[in-house]
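S.K.: this one's structure only:
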């Protein structure tokens, strides 16, 4: 995201990310680690991004907001609408590791995909009490 998320830059940013927002189940992380200023237009653009992603069953998460960005998100009360993470890596890991539409069409998830997901959970130290037949 731009350092100054205001007026023209915010609108240009929205125009640039809109194709991503309109994809099937977008999972997007905005890295705010360099964003030092957000005005009302910038806040509005963040809300528009969230709304567009939600229309396509997607999510928008924020990562590493600076103190100034965090204050702006808090003052405008839009920070409550987003999941906010300390860094981009944490935000990316928070997305489901299953295939898109898996919750709607569970029979499309292969055993290999489930095993990969379980391996990821085990590697992260989570206990797994389910056994998958070979």
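M.R.: In hand now; what should we look at? No experiment lies behind these values; they were computed from the predicted model shown.
S.K.: What about residue 70, how many residues nearby?
M.R.: Other residues within reach of residue 70 by the criterion other CB atoms under 10 Å amount to 17. From N, CA and C alone the C-beta is placed, and that goes for glycine too.
S.K.: Which parts of this protein belong to which domain?
M.R.: 4-95, 96-134 (automatic domain parsing).
S.K.: Check those domains for me and report the most buried one.
M.R.: Per residue and on average, the most neighbours among those fall to domain 4-95, with a mean of 17 (mean count of other CB atoms under 10 Å).
S.K.: ok now that one, how far from the chain's centre?
M.R.: Average the C-alpha atoms of domain 4-95, do the same for its chain, and the two points are 8 Å apart (CA atoms, centre = their mean, to the nearest Å).
S.K.: What distance separates the opening and closing residues of it?
M.R.: Across its full length, domain 4-95 reaches 27 Å end to end, with CA to CA, to the nearest Å as the criterion.
S.K.: In the protein, mark out all the strands, start to finish.
M.R.: Ranges of strands in the chain, per DSSP state E, are 4-5, 27-31, 37-38, 59-63, 83-85.
S.K.: So which of the ones you listed is nearest residue 71?
M.R.: Each of these was scored for nearness to residue 71 using CB to CB, and the closest is strand 37-38 (9.0 Å).
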